[in-house]
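**Student:** this is the structure alone, sequence omitted:
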């Protein structure tokens, strides 16, 4: 079964410190994509970063980086230099069968990050 | 920057009524999606739509649900005979194409409350 697991329901981090949000996935597909989305309290879903299963390098987007360990089926999000505005729910998602017929995203249950001053 | 828009932001309806949730995807996008998020839970896929037809739907998307692209800009989700358990945030998303990356851009959501 295809599944995303986020084991941290909530996390605290001090402002300016780095934080890692965990994500593991389960799929038998050889080709897939992994995404992280941020959901602030206002409710919208904001795309943060993407990693393809065949990408050899870990993705980075500004202060966001994705620690992709394919053999362990993990795709952890690292946020460097946390800011108060980073406080939000963070969802890991997978798009299976890259290049196939399906485009749906499968989401994890999310991690609520609170950045403390 | 182009964005996905959704109306209304909040819809309250009585059980058994029909609702239509509206979305305007990003103009050059070709793939359209609806997801829902029950309060406090994860986001769940409902349906994907491409080339004027459904390309995939989940088990949640039963025969009470339908989608339509009535013109070149709008994408709608209709729910007939609404149930209490339909109460959720409904997100529309769009993407330019499939394959590598091509992340889905989400709208701000419509909060549906069925009473």
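**Tutor:** Arrived safely. Not measured: the values here are computed from a predicted model. Numbers count the residues shown, from 1 in each chain, chains lettered A, B, ... in the order given.

**Student:** from now on I want contacts and neighbour counts done on CA atoms only, so please keep to that.
**Tutor:** Noted.

**Student:** what's the helix or strand for the most centrally placed residue in chain B?
**Tutor:** What sits nearest the mean C-alpha location of chain B, by Cα atoms, centre = their mean, is residue B:34, with 3.0 Å. Assigned by DSSP states H and E, residue B:34 belongs to strand B:31-37.

**Student:** ok now the helix or strand just after that strand, how far from the chain's centre?
**Tutor:** Counting by DSSP H and E, the next helix or strand C-terminal to strand B:31-37 is strand B:43-50. Put simply, strand B:43-50 sits 7 Å off its chain's centre (Cα atoms, centre = their mean, to the nearest Å).

**Student:** ok, residue A:46 to chain B distance?
**Tutor:** Going from residue A:46 to chain B by Cα to the nearest Cα, to the nearest Å gives 7 Å.

**Student:** that residue is in contact with residue A:39, isn't it?
**Tutor:** Yes. In terms of Cα atoms under 8 Å, residue A:46 counts as a neighbour of residue A:39; the distance is 6.3 Å.

**Student:** give me the number of residues near the closest residue to residue B:38 other than its chain neighbours?
**Tutor:** Among residues not flanking residue B:38 along the chain, residue B:88 sits closest, at 4.3 Å (Cα to Cα, 6 or more residues apart in numbering or on different chains). Neighbours of residue B:88 under the rule other Cα atoms under 10 Å in any protein chain shown: 21.

**Student:** OK, contacts around residue B:88?
**Tutor:** Taking Cα atoms under 8 Å, 6 or more residues apart in numbering or on different chains, we find residue B:88 in contact with B:36, B:37, B:38, B:39, B:111, B:112, B:113.

**Student:** low-scoring stretches of chain B, by residue?
**Tutor:** For chain B, applying pLDDT under 70 flags the ranges B:98-102.

**Student:** one step back: for chain A, see how far away the residue nearest to residue B:38 is.
**Tutor:** Going from residue B:88 to chain A by Cα to the nearest Cα gives 12 Å.

**Student:** who does that residue bridge with?
**Tutor:** Counting by DSSP bridges, residue B:88 is bridged to residue B:112.

**Student:** which SSE is the nearest residue to residue B:17 once chain neighbours are set aside in?
**Tutor:** Spatial nearest neighbour of residue B:17, chain neighbours left out: residue B:81 (5.1 Å); criterion: Cα to Cα, 6+ apart. Under DSSP H and E, no helix or strand contains residue B:81.

**Student:** residue B:81: how many residues sit nearby?
**Tutor:** Here the count is done by other Cα under 10 Å, and residue B:81 has 14 residues near it.

**Student:** any idea how far it lies from chain A?
**Tutor:** Counting by Cα to the nearest Cα, the gap from residue B:81 to chain A is 26 Å.

**Student:** for the strand holding residue B:34, give me every contacting residue.
**Tutor:** Contacts for strand B:31-37 (Cα under 8 Å, 6+ apart): A:104, B:25, B:43-51, B:75, B:77, B:88-98.

**Student:** follow-up on the earlier one: quick one: contacts for the residue nearest to residue B:17?
**Tutor:** B:15, B:16, B:17, B:18, B:64.

**Student:** kindly state the beta-bridge partners for the nearest residue to residue B:33 once chain neighbours are set aside.
**Tutor:** Leaving out its chain neighbours, the residue that sits closest to residue B:33 by Cα to Cα, 6+ apart is residue B:48, at 4.4 Å. In this entry, residue B:48 is beta-bridged to residue B:33, residue B:56, by DSSP bridges.

**Student:** cheers, nothing more for now.
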